[in-house]
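K.L.:
Just need the structure, nothing else, for what follows:
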Amino acid sequence: MSESKYRGDPRELAIFERLLPQSGMFLVDERPGKDSSVIYRSRNNEIEAACIKRHRPSQSKPDFSVYIEGDYWGNMNGKLFEDVPALAHALKKRGLTQVEF
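P.N.:
Numbers count the residues shown, from 1 in each chain. So this is what the prediction gives:
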């Protein structure tokens with residue numbers, strides 16, 4: 001499953017709970033040594049995570065796009081973006097509020 005209730009380190013969950021106090025808030029977690037993800041507070045008030053996936057059209061091209069998957073994202077589900085900032089911008093245009101991590 002691409003999106004789910006956050007099941008990581010309970011200490012991290014406490015940080016995310018504090019940083020994302022309201023539904024519709026998100027942050028981008030791109031820490032070294034971890035899979036990049038969008039951490040967000042869903043409509044049901046849960047802290048959830050969506051893995052940021054990479055798409056490379058061919059082995060001969062080093063460029064890649066990024067995307068997220070899941071029903072929560074509606075028309076953004078599986079849509080390719082040039083990079084993570086473009087993905088974050090699209091989430092903000094959708095009405096979500098980004099917080100810095």
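K.L.:
Quickly list what the residue nearest the centre of the chain is bridged to.
P.N.:
In the chain, the residue lying closest to the centroid (Cα atoms, centre = their mean) is Val38, at 1.8 Å. Counting by DSSP bridges, Val38 forms beta bridges with Val28, Ala50.
K.L.:
so what's it up against?
P.N.:
Residues in contact with Val38, defined by Cβ atoms under 8 Å, 6 or more residues apart in numbering, are 26-29, 49-50, 52, 68, 87, 91. In this view, the C-beta of every residue, glycine as well, is placed from N, C-alpha and C.
K.L.:
please redo it, this time with the cut-off set to 7 Å
P.N.:
Neighbour list for Val38: 26, 28, 50, 52, 68 [criterion: Cβ atoms under 7 Å, 6 or more residues apart in numbering].
K.L.:
Also Gly8?
P.N.:
By Cβ under 7 Å, 6+ apart, Gly8 has no neighbours at all.
K.L.:
now swap in Leu87 and tell me
P.N.:
Counting by Cβ under 7 Å, 6+ apart, Leu87 touches 52, 66, 68, 81.
K.L.:
hmm, 10 Å instead?
P.N.:
For Leu87, the contact set (Cβ atoms under 10 Å, 6 or more residues apart in numbering) comprises 28, 36, 38, 52, 65-68, 76, 79-81.
K.L.:
same question, Leu96
P.N.:
Listed by Cβ under 10 Å, 6+ apart, the contact set of Leu96 reads 23-26, 38, 40-41, 88, 90.
K.L.:
Show me which pair in the contacts of Val38 is furthest apart.
P.N.:
Spatially, the most separated pair among these is Phe26 and Ile52, at 11.5 Å (Cβ to Cβ).
K.L.:
overlap in contacts of the two?
P.N.:
38, 88.
K.L.:
Number of residues surrounding the nearest residue to Ser42 once chain neighbours are set aside?
P.N.:
Excluding its sequence neighbours, the residue lying closest to Ser42 (Cβ to Cβ, 6 or more residues apart in numbering) is Glu48, at 4.9 Å. Neighbourhood size, Glu48 [other Cβ atoms under 10 Å]: 22.
K.L.:
May I have the helix or strand hosting Glu48 as PDB, with CA atoms only?
P.N.:
Per DSSP states H and E: Glu48 is located in strand 47-51. Coordinates of the C-alpha atoms in strand 47-51 are reproduced here as PDB (Å, rounded to 0.1, in the frame of the first residue of the first chain):
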ATOM      1  CA  ILE A  47      -0.800  11.100  10.700                       C
ATOM      2  CA  GLU A  48      -0.100   9.200   7.500                       C
ATOM      3  CA  ALA A  49       2.700   8.800   5.100                       C
ATOM      4  CA  ALA A  50       3.000   8.500   1.300                       C
ATOM      5  CA  CYS A  51       6.200   7.300  -0.200                       C
END
